[in-house]
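Asks: coordinates for the following, if possible.
(chains A and B)
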Amino acid sequence: MTSLRIFAVGGLISFRALFHWLAPSIYIPSLVVAPLFQILLFAYIGRSAGLASDEFYVVGNAIQYAAIPCLFAMTNIVGGEKFQQTLGAILVSPAPRLPLFFGRAVPVVVNGAFVAAFALLAGTIVLGVDIPASAIPSLAVVILVAAFSCTGLGLITAALALRVRETAVLTNILFGFLLIFTGANIPLDDLPGWMQNVSDVLPFTHAIAAARELADGASLTSVLDLIGEELLIGLVYAVLGYSLLRFFEIQGRRHATLDRS
Amino acid sequence: MRTLRLLAVGWYYQFKAIARSPFEGLFQVIYPLFFATVAFLMFRAGTDQKTLLYASLGAAVMGMWSATSTTAAGAMQRERWHGTLEALVASPPHFALILLPITLAMSTVGVYCLVATLLFGRFLFGIDLTFEHPLLFALSIVGTVLSFGALGFLFAVTFVRFRAAWALGNLFEYPVWLIGGFLVPLVLLPEWVRPISWALAPTWGMNAIRESSLGGTPLPDLVVCLALGAVYLTIGILVLERVLAAARRRAALSLT
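Replies: The predicted structure follows:
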């Protein structure tokens, strides 16, 4: 029961306390308006380059933009403890680490999925993209899996936040990599071979591909393999992230560097 | 002469400080390269590959704008957070002469972005660089930096009442990239957007840089770019007077 409380209540409180972007003055410009302009920018570049349809960019960028809330929030609600000088108090407590860290990831996934879903909705309306209504529930599943997958990567950046001071630089650079490699704006077939190999193991690549197929009218069962791969990638990142968190916690204790910012 | 010296020393000091900041210096140079890479790959994969140099110049100026928009919007607030705002406002020179070099230094960091993006395109994507009018190209860059700095100054004084001014500055990153015609010809945008584009100095700065590089008549664009920069500066000074007067009246200058 205690673990469940730490997972649910602790996770939500940490999210609300440490993810400062929840203030409307930051949330609206950064997580509501900015993704729409990213969609518009790349849709128009796509028109200019004669590369792909508007639907391609709406779906790709809406899902890829979930990287901002997932990476930043996950990093902030673990690394933020260090800057608030509460990290030591938390890690000295007997709270089990699994619910402590994964409980914080749940609101991040939900928020990331909301940001992507809203961007998708706004992008389709503004650019007049036609997505069948029957695809909406399946798209919701894909978006949720994409947000989970990227939050897994966020756990790694959260762990690094225990060591790295400039977390904003780190997360923005990861965002840039995801922008290039996930096929959000460039068809994967047009990427060089080595880039395609990298994209195969990144969050979003399979989710974006699945969402594009769904938007074209495919059924959920026909993209289950892509969703499964995305889920698996997310799980691998989450396990890696958790292991890194534990590793840096032990290192921090050993070298008395937990609170060093 | 004293005014010029203050501007020059302020710019030099701020530029050195910003260039050594991981976020405002190094990151602002690296970050636009991601967008440049996407643009290069999109244009290379698209139907018209002759536009790569066009994209290269556009991506380069995108970087210049990135270096200015987010950081300049929070420039005045940054002084407030550092606890130096009151001392700077109370000093004898007009506060505009202290704030302007800060935003100019931020836009000057954009020159790093410009050079980095052009070289990145040249060596990784094989984009041949041509400078039909090298002198005018250099002048266009200087003019664009000045106008970006003036727009950053306007952002800094306009957004000072917002606690999260950086988020508002960040918000203007994508729209200016789009409607400034950096990578998308203005004719592709809806007609109602064009007057907004014309009111933006970045649009004219971009045109001047492109015309001087690809061949054309960059001078008219450069003059409009500088004129708009002067307008932003004038409006900014007027806004600054009101903001400072209100803050003095309410003793709210240092409130965060």
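Asks: what does the lowest-mean-pLDDT helix or strand in chain A rub up against?
Replies: The weakest-scoring helix or strand in chain A, judged by mean pLDDT, DSSP states H and E, is helix A:87-92 (a mean of 83). Residues from elsewhere that reach helix A:87-92, judged by Cβ atoms under 8 Å, 6 or more residues apart in numbering or on different chains: A:Glu81, A:Leu100, A:Leu162, A:Glu249, A:Gly252, A:Arg253, A:Leu258, A:Asp259. In this view, the C-beta of every residue, glycine as well, is placed from N, C-alpha and C.
Asks: just the ones of the residues you listed in helices?
Replies: Among the contacts of helix A:87-92, the ones falling in helices (DSSP state H) are A:Glu81, A:Leu100, A:Glu249, A:Gly252, A:Arg253.
Asks: kindly report the residues of chain B close to chain A.
Replies: B:22-23, B:26-27, B:30-31, B:33-35, B:37-39, B:41-48, B:51, B:162-164, B:167-168, B:170-171, B:173-175, B:177-178, B:183-185, B:188-189 (Cβ under 8 Å from any Cβ of the partner chain).
Asks: now, of those residues, which are buried?
Replies: B:26-27, B:30-31, B:33-35, B:37-39, B:41-46, B:51, B:162, B:164, B:167-168, B:170-171, B:173-175, B:177-178, B:183-184, B:189 (16 or more other Cβ atoms under 10 Å in any protein chain shown).
Asks: just the ones of the residues you listed in strands?
Replies: Counting by DSSP state E, no part of those is found in strands.
Asks: out of those, name the ones that lie in helices.
Replies: B:30-31, B:33-35, B:37-39, B:41-45, B:167-168, B:170-171, B:173-175, B:177-178.
Asks: now the least confident helix or strand of chain A: buried residues?
Replies: A:Leu87, A:Ile90, A:Leu91.
Asks: same deal with stretch A:125-137?
Replies: For stretch A:125-137, by 16+ other Cβ under 10 Å, it's A:Leu127, A:Val129, A:Ile131, A:Ala135.
Asks: again, but for stretch A:168-182
Replies: Buried residues in stretch A:168-182 (16+ other Cβ under 10 Å): A:169-176, A:178-182.
Asks: now, which of those residues sits nearest chain B?
Replies: Ranked by distance to chain B (Cβ to the nearest Cβ), those are led by A:Gly176 at 3.0 Å.
Asks: which residues does the residue nearest to the closest one when sequence neighbours are not counted contact?
Replies: Closest residue in space to A:Gly176, ignoring its immediate chain neighbours: B:Phe34 at 3.0 Å, by Cβ to Cβ, 6 or more residues apart in numbering or on different chains. By Cβ under 8 Å, 6+ apart, the contact set of B:Phe34 is A:Ile173, A:Phe175, A:Gly176, A:Phe177, A:Leu179, A:Ile180.
Asks: residues in contact with the last one?
Replies: Same thing as A:Ile180. Contacts for A:Ile180 (Cβ under 8 Å, 6+ apart) come out as A:Ile186, A:Met195, B:Phe34, B:Thr37, B:Val38, B:Leu41.
Asks: the first one now?
Replies: By Cβ under 8 Å, 6+ apart, the residues touching A:Ile173 are B:Phe27, B:Ile30, B:Tyr31, B:Phe34.
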